[in-house]
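S.K.: I would like to see how this sequence folds:
(one chain, ligands or ions: 1)
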Amino acid sequence: MSIERLSPVIVALDYHSKAEALVMADQLDPTQCRVKVGKELFTLCGPSIVEALHQRGFEVFLDLKFHDIPNTTTKAVQAAADLGVWMVNVHASGGRRMMASCREGLEKFRTPPKLIAVTVLTSMERQDLVDIGLDVEPMEHVKRLAALTRDAGLDGVVCSAQEVAVIRDICPASFNLVTPGIRPLSAEKGDQKRVMTPQEAISIGSDYLVIGRPITQANDPLKSLEDIIATLS
Ligand SMILES: O=c1ccn([C@@H]2O[C@H](COP(=O)(O)O)[C@@H](O)[C@H]2O)c(=O)[nH]1
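M.R.: Okay, the predicted model is just below:
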């Protein structure tokens, strides 16, 4: 069975050293999940952490959320493609021309990474948007940015599972919906605001569940992952 059908879970390896991240990865099974390398780990380790995870058989989501001018972000996603990652992302608020340029920049790769865009961070709620001059509900802004991302030709968006149904109405079924802010009922929300349980997120149509602390900070991370996967079928 392909990994596409096996598990929608992407484990966020948010660690402060390569050693810690690999201790965690070595407890996980690449047929049961993908892994995500974010800003902290990549800033500390660079491409060597991606290589080490590839050697262990994991597909890697490089979650660096590029947000810059079109030329810079395009070169950045091309560098990610050179690393052979499975997925890479930019911020949709960088705009249509920036996203379209990144899309075009990946055309020369035989197997480019999935290119997706972050809409509104799952840690944000209405007041956070007001604070940055956006007097809208997160749902409304996510919908607008998802439409922009679709029109720029990207493969999908990062959103909260709470927005999945609304995005499904305006985007094709092939448009990947990647949802962090996933919290089993027993888990702490921490800094996440727009959350949903793994089971609800899958039921409503999330394609991929990004899960960090509920797995990585569990006493038995593999059991925690298996317990989550068991709720999905
Ligand atoms: O909107 C977003 C975009 C990215 N993230 C990232 O996902 C994980 C979530 O980790 P948890 O420990 O499960 O909260 C983390 O790496 C974030 O950088 C997000 O949470 N929300």
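S.K.: My guess is His54 contacts Leu62. True?
M.R.: No. Assessed by C-beta atoms under 8 Å, His54 is found out of contact with Leu62, at 11.4 Å. Heads up, the C-betas are built off the backbone N, CA and C, glycines and all.
S.K.: so where's the protein shaky on pLDDT?
M.R.: In the predicted model, the chain carries pLDDT under 70 at residues 1-6.
S.K.: Which parts of it are helices?
M.R.: Using DSSP state H, the helices of the chain run over 3-6, 18-25, 39-45, 47-55, 70-83, 96-105, 126-131, 138-151, 164-170, 198-204, 213-216, 221-230.
S.K.: and the last one with helix 18-25, angle?
M.R.: Same thing as helix 221-230. 50 degrees (axes from the mean of the first three to the mean of the last three C-alpha atoms, to 10 degrees).
S.K.: What's the end-to-end length of stretch 90-98?
M.R.: Terminal residues of stretch 90-98 lie 9 Å apart, using C-alpha to C-alpha, to the nearest Å.
S.K.: close to the ligand, is it?
M.R.: No. Using C-beta under 6 Å from any ligand atom, no contact is recorded between stretch 90-98 and the ligand, whose separation bottoms out at 9.8 Å.
S.K.: Stretch 162-172 now?
M.R.: No. Shown here: stretch 162-172 not in contact with the ligand (C-beta under 6 Å from any ligand atom), separated by at least 10.7 Å.
S.K.: Dump that stretch to PDB, restricted to CA.
M.R.: Taking Å, rounded to 0.1, in the frame of the first residue of the first chain, the C-alpha atoms of stretch 162-172 are listed here in PDB:
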ATOM      1  CA  GLN A 162     -12.100  24.500  10.700                       C
ATOM      2  CA  GLU A 163     -11.800  26.100   7.200                       C
ATOM      3  CA  VAL A 164     -11.600  22.900   5.200                       C
ATOM      4  CA  ALA A 165     -15.300  22.700   4.200                       C
ATOM      5  CA  VAL A 166     -15.300  26.300   3.000                       C
ATOM      6  CA  ILE A 167     -12.200  25.800   0.900                       C
ATOM      7  CA  ARG A 168     -13.500  22.500  -0.600                       C
ATOM      8  CA  ASP A 169     -16.500  24.500  -1.900                       C
ATOM      9  CA  ILE A 170     -14.200  26.800  -4.000                       C
ATOM     10  CA  CYS A 171     -11.200  24.600  -4.900                       C
ATOM     11  CA  PRO A 172     -10.800  21.400  -6.800                       C
END
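S.K.: and that stretch, which residues are buried?
M.R.: 162-164, 167-168, 171 (16 or more other C-beta atoms under 10 Å).
S.K.: can you list contacts of it?
M.R.: 119, 138-139, 142-143, 146-147, 150, 157, 159, 175, 177, 179, 194-196, 201, 204-206 (C-beta atoms under 8 Å, 6 or more residues apart in numbering).
S.K.: who in this structure is up against the ligand?
M.R.: Checking the chain against the ligand by C-beta under 6 Å from any ligand atom, the hits are 12, 14, 38, 118, 121-122, 158, 180-181, 190, 192, 210-213.
S.K.: would TSV of the buried residues of stretch 162-172 with distance to Ala25 be doable?
M.R.: Shown next, in TSV, are the buried residues of stretch 162-172 (distance: C-beta to C-beta, whole Å):
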residue	distance to Ala25
Gln162	30
Glu163	30
Val164	28
Ile167	31
Arg168	32
Cys171	32
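S.K.: Looking at the residues you listed, spot the one nearest the ligand.
M.R.: The shortest approach to the ligand among the buried residues of stretch 162-172 belongs to Glu163, at 10.7 Å (C-beta to the nearest ligand atom).
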